[in-house]
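> sharing a model that was predicted from the sequence below.
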There are 2 protein chains.
Amino acid sequence: MLHGEAIEPPPLWLMRQAGRYLPEYREIRSKAPDFLGFCFDPDLATEATLQPIRRYGFDAAILFSDILTVPHALGARVWFAEGEGPRLEPVRDARAADALQFDATKLAPVYETVRRVRAALPASTTLLGFAGAPWTVAAYMVEGSGSRDWIEAKRWAYGRDGFDLLIDRLVDATVEHLALQLEAGADAVQIFDSWAGALDPAGFERFVIEPTRRIVGRLKQRVPGARVIGFPRQAGALYPRYADATGVDGMSLDSGVPLDWAVGAIDRKVALQGNLDPLRLLAGGASLDASVDAIRRATHGRSFIFNLGHGVLPPTPPEHVAQLVERVRA
Amino acid sequence: MLHGEAIEPPPLWLMRQAGRYLPEYREIRSKAPDFLGFCFDPDLATEATLQPIRRYGFDAAILFSDILTVPHALGARVWFAEGEGPRLEPVRDARAADALQFDATKLAPVYETVRRVRAALPASTTLLGFAGAPWTVAAYMVEGSGSRDWIEAKRWAYGRDGFDLLIDRLVDATVEHLALQLEAGADAVQIFDSWAGALDPAGFERFVIEPTRRIVGRLKQRVPGARVIGFPRQAGALYPRYADATGVDGMSLDSGVPLDWAVGAIDRKVALQGNLDPLRLLAGGASLDASVDAIRRATHGRSFIFNLGHGVLPPTPPEHVAQLVERVRA
């Protein structure tokens, strides 16, 4: 689905299609003591990855994992405080960045999960691996948690030396992590830059575009034929620049992007993906149908993968997802 | 500064130029029992408005107040929990929306502050009034607080009847509130739609563009010559549409907007304002100077007001603001 052709109806999967909105996920979630333990249990992670494929027949499965497995493998302590989101031991200077060393053996259960999922999936279902982009992962590592404004991360990125070293370490680790997923059987990978929109244009060029360009180039050299989807969330008017400069094969668009503009402004050689507002899915009803139809009309004739603009929200009724699948394929 | 001409150096003011980063503000802040009480005390609000003008000689003063004074005047309970941000009695159905009635006498101290500030300011300093846009104020009213995803507000906006009634009440109240500020001596007004970026394009058209267009039209009818700046924050590729459709005289751009694109894509009859990243100001040093210079280069020859892309952050060193003022005027 990343070879430039327009397919009707478009291939369909959803960010966070595996997760808390599914009763069968909530049932297995309690079998691991914590969230990283869940991600690192190949039995549980394989089952979580497959659940939405069984229920909805999506065209792609995405590995059940987390972008913060990479800081964990770099030696930073990562944990998930129940109901509070991720916590990390903060990395705030060049010395701490320099001490990071990627140990892929710590992620062996992730690659084992990829192998098992690939073996269990129908051949026609694409398996996606993924990683967080360096800027987004660095932002969590510097703050030590999620943040609204990413003040500490941006203060370091804009004002002090050493942040490029952290980015470089993350570029190396991300290439390795994505290559190992592709070698274990992933058909393509997605790079999530969830906080790309927090940077100004100069910061976006230096900390989003440049590291992503290096990752894509090195990955395609190491794994011939590797296909990459980028997701610089909330890049706004900078999406076309990202498509031109990074070498990605596909680009995911957040829900704020007007598709008529995107179809005209973004190079046709890059497949588009997105961008239904997860709140339309949560709301359901006529509003959901109308939004699906508008997206299909705007992207008709264009290489396009139907998806959300952000992840499925936990309170989403599973029957709304069934409604979505039916409408997209109608 | 909103008549379409390019001025060199550009006029300069900063969102949240009055506030916690200034020691003289922190000193007077404790004289009121709570934040709304501070906004409703003409002595304190006048002093807070004037402080940054005295210190830095900005080209515009903006009334010290808050966008949630309007829900207060509509009869919704509003309070500020120390260190936690605003809290409101939630409005979640058509009946609660229908019960709202704007009582301008509750905001009499705000208009008194406008009169006093105008009398105290040099004639060459522009005085800006402001209000929150209906979507942004409605989002706070529905959630009952700030939010990352605005799930309750969007669920109602997208999926259930009655939300348009809430928007209509806010349009009426906003026209009244802005007109009374202009009549009290404000030279222009800014409409802050801080959460415009949370909506998808269909929602943006219905809840951002349409209500703003009605406010601007009615305001200009009621107060001939009224000048309006709009700020649909994080509108991304939809900024040009907002400029074309709402009738605003100026438009503020958040820090993510690439100015070379904005200058080409946005109708020249709309003055641009923005968009320095507040973190560049917080970081200071060479990064701040380079960012100021890049903004001045990109907007040279264009009707432009220098500002931030979002408010001054409380930990910003006041001497960085002095550096900014000097650099912009160099």
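Cool, got the structure.

> so what strands line up beside the worst-scoring helix or strand of chain A on mean pLDDT?
Least confident helix or strand, chain A: strand A:78-81 with a mean of 91, by mean pLDDT, DSSP states H and E. Counting by DSSP bridges, the strands paired with strand A:78-81 are strand A:85-88 (antiparallel).

> mind listing what's buried in the partner strand?
A:Pro86, A:Arg87, A:Leu88 (16 or more other Cβ atoms under 10 Å in any protein chain shown). Where you see a C-beta, it was placed from the backbone N, CA and C, and this is true even at glycine.

> could you do stretch A:142-159 as well?
A:142-144, A:146-147, A:150-159.

> that one: how far from the chain's middle?
20 Å (Cα atoms, centre = their mean, to the nearest Å).

> next one: stretch A:187-194
In terms of Cα atoms, centre = their mean, the gap separating the centre of stretch A:187-194 from the centre of its chain is 4 Å.

> residues near A:Arg54, how many?
By other Cβ atoms under 10 Å in any protein chain shown, the residues close to A:Arg54 number 11.

> same question, A:Ala45
25.

> host element of the residue nearest to the spatial centre of chain A?
Nearest to the mean C-alpha position of chain A, counting by Cα atoms, centre = their mean, stands A:Phe192 at 3.7 Å. Taking DSSP states H and E as the definition, A:Phe192 sits inside strand A:188-193.

> pLDDT of the following helix or strand past that strand, averaged?
Past strand A:188-193, heading to the C-terminal end, the next element that is a helix or strand (DSSP H and E) is helix A:201-204. Confidence for helix A:201-204, expressed as mean pLDDT, is 98.

> elements contacting helix A:201-204?
Identification of packing neighbours for helix A:201-204 by 3 or more Cβ pairs under 8 Å, 6 or more residues apart in numbering or on different chains; DSSP states H and E yields helix A:151-159, helix B:285-299.

> following it, which helix or strand comes up?
helix A:210-222.

> which residues sit against that next one?
Helix A:210-222 has contacts (Cβ atoms under 8 Å, 6 or more residues apart in numbering or on different chains) with A:133-135, A:167, A:170-171, A:174-175, A:178-179, A:182, A:189, A:191, A:193, A:226, A:228, A:230, A:232, A:242, A:245-248.

> residues of the stretch 1-150 of chain A that sit close to chain B?
A:Arg148, A:Asp149 (Cβ under 8 Å from any Cβ of the partner chain).

> show me where the stretch 1-150 of chain A has its strands.
A:60-62, A:78-81, A:85-88, A:126-132 (DSSP state E, counting those that start in this stretch).

> tell me the angle of the strand holding A:Phe192 relative to strand A:126-132?
30 degrees (axes from the mean of the first three to the mean of the last three Cα atoms, to 10 degrees).

> hmm, who's touching strand A:188-193?
A:2, A:62, A:67, A:126, A:128-133, A:135-136, A:174, A:178, A:181-182, A:208, A:212, A:215, A:219, A:226-233, A:248-250, A:252.

> what do you get for stretch A:114-131?
Contacts for stretch A:114-131 (Cβ under 8 Å, 6+ apart): A:1, A:11, A:13, A:42, A:46, A:49-50, A:53, A:58-63, A:65, A:67, A:70, A:137, A:174, A:177-178, A:181-182, A:184-192, A:229.

> do I have it right that A:Leu276 meets A:Asp289?
No - with contact defined as Cβ atoms under 8 Å, A:Leu276 does not reach A:Asp289; the gap is 11.2 Å.

> quick one: is the longest helix along chain A near chain B?
When chain A is parsed with DSSP state H, its longest helix is helix A:163-184. No - under the criterion of Cβ under 8 Å from any Cβ, chain B is not reached by helix A:163-184; the shortest gap measures 11.2 Å.

> that helix packs against which elements?
By 3+ Cβ pairs under 8 Å, 6+ apart, helix A:163-184 packs against helix A:69-73, helix A:94-98, helix A:108-120, strand A:126-132, helix A:134-143, strand A:188-193, helix A:210-222.

> check the offset of the fifth one from the chain's centre.
Looking back up the chat, that one is helix A:134-143. On Cα atoms, centre = their mean, the centre of helix A:134-143 falls 15 Å from that of its chain.

> relative to strand A:126-132, how tilted is that helix?
50 degrees.

> more neighbours: A:Leu276 and A:Asp289, which one.
Each of A:Leu276 and A:Asp289 has its neighbours counted (other Cβ under 10 Å); A:Leu276 has more, 22 against 16.

> and of the buried residues of stretch A:142-159, the nearest to A:Gln323?
Set against A:Gln323, the nearest of the buried residues of stretch A:142-159 by Cβ to Cβ is A:Gly146 (30.7 Å).

> run through the bridge partners of the residue nearest to that closest one when sequence neighbours are not counted.
The shortest distance from A:Gly146 to any non-neighbouring residue, by Cβ to Cβ, 6 or more residues apart in numbering or on different chains, is to A:Gly85 (4.9 Å). As for beta bridges, A:Gly85 partners with A:Ala81 under DSSP bridges.

> so, low pLDDT: which residues of the stretch 101-250 of chain A?
Applying pLDDT under 70 to the stretch 101-250 of chain A flags no residue at all.

> wait, A:His300 sits on A:Pro9?
No - if you go by Cβ under 8 Å, A:His300 and A:Pro9 don't touch, sitting 10.4 Å apart.

> ok, A:Ala262 - how many residues close by?
Using other Cβ under 10 Å: A:Ala262 sits among 21 other residues.

> same thing with A:Thr113?
29.

> check contacts around it.
Neighbours of A:Thr113 in contact, by Cβ under 8 Å, 6+ apart: A:Pro42, A:Ala45, A:Thr46, A:Thr49, A:Leu63, A:Phe64, A:Ser65.

> could you redo the last one with a cut-off of 6 Å?
A:Pro42, A:Ala45, A:Thr46 (Cβ atoms under 6 Å, 6 or more residues apart in numbering or on different chains).

> residues contacting A:Gly284?
A:His320.

> okay, it: pLDDT?
For A:Gly284, pLDDT reads 97.

> sorry, back to before: list the buried residues of the least confident helix or strand of chain A.
Within strand A:78-81, the residues scored as buried using 16+ other Cβ under 10 Å are A:Val78, A:Phe80.

> which other residues reach it?
With Cβ under 6 Å, 6+ apart, strand A:78-81 has contacts from A:Phe35, A:Leu68, A:Pro71, A:His72, A:Pro86, A:Arg87, A:Leu88.

> and it, how far out from the chain's middle?
Taking mean C-alpha positions (Cα atoms, centre = their mean), strand A:78-81 and its chain are 19 Å apart.

> kindly export that strand (C-alpha atoms) in PDB.
What follows is strand A:78-81, C-alpha atoms only, in PDB (Å, rounded to 0.1, in the frame of the first residue of the first chain):
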ATOM      1  CA  VAL A  78      11.300   4.300  32.000                       C
ATOM      2  CA  TRP A  79       8.100   3.400  33.900                       C
ATOM      3  CA  PHE A  80       4.400   4.000  33.600                       C
ATOM      4  CA  ALA A  81       2.600   5.500  36.600                       C
END
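
> hmm, back to that, adding pLDDT and distance to A:His320, write the contacts of strand A:78-81 out as a markdown table.
Output for the contacts of strand A:78-81, formatted as a markdown table (pLDDT from 0 to 100; distance: Cβ to Cβ, whole Å):
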| residue | pLDDT | distance to A:His320 |
| --- | --- | --- |
| A:Phe35 | 94 | 25 |
| A:Leu68 | 97 | 29 |
| A:Pro71 | 98 | 34 |
| A:His72 | 98 | 34 |
| A:Pro86 | 95 | 27 |
| A:Arg87 | 96 | 32 |
| A:Leu88 | 97 | 34 |
